[in-house]
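Chemist: below are the sequence and a predicted model; questions follow.
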Amino acid sequence: MGVRRRGRELALQMLYQREIAGTDVEDILSSFEELQQAPPATREFAISLVRGVISRLSELDSHLVDQADHWRLERMAAVDRNILRLALFELMFEGGTPPAVVIDEAVEIAKRFGSERSSQFVNGILDGYLHRGEAAGES
């Protein structure tokens, strides 16, 4: 598994823990064993994603609500919601990874961590977002 895929997966797990258990992000970063055992590049990427998503959470959620017609954030599965936040953060603020790659990564992670329909849901939301022309460098 690649550095960035593993970093995204670790970031998802940390965001999920933060949301479900209410654990402080700094506590998660210091105690999450899988993160501590990850290679430095993976660890740094995961941490940058987590901190980036948290710092822009309200903006990311606003875009999710706009894009997810007839879906309130609370109705989305927590895993799906956090996968979408991670992908939107990369699309909106990172700009270094091609949008198609970000979407593909999000879909693959949804297949691994989400429900049977998560990958379709994640793909639909992110594809719709891109078609609205709001990806990094286009807005």
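Modeler: Okay, I see it.

Chemist: when you work out contacts or count neighbours from here on, use the C-alpha atoms and nothing else.
Modeler: Will do.

Chemist: pretty sure residue 107 sits against residue 126.
Modeler: No. Using CA atoms under 8 Å, residue 107 is not in contact with residue 126; the gap is 9.4 Å.

Chemist: what about the closest residue to residue 17 other than its chain neighbours, helix or strand, and which?
Modeler: What sits nearest to residue 17 in space, not counting adjacent residues and going by CA to CA, 6 or more residues apart in numbering, is residue 23, at 6.7 Å. Residue 23 belongs to no helix or strand when assigned by DSSP states H and E.

Chemist: next: the one 3 residues further on.
Modeler: Per DSSP H and E, residue 26 falls inside helix 25-31.

Chemist: list the contacts of that helix.
Modeler: Applying CA atoms under 8 Å, 6 or more residues apart in numbering, the contact partners of helix 25-31 are 14, 17, 18, 35, 36, 47.

Chemist: same deal with stretch 77-86?
Modeler: With CA under 8 Å, 6+ apart as the test, stretch 77-86 has contacts from 8, 11-12, 15-16, 19-20, 49-50, 53, 57, 60-61, 64, 73, 106, 109-110, 113-114, 118, 121-122, 125-126.

Chemist: can you give me the helices for the chain?
Modeler: Listed in chain order, the helices of the chain (DSSP state H) span 3-21, 25-31, 33-37, 40-55, 57-67, 78-89, 99-113, 118-131.
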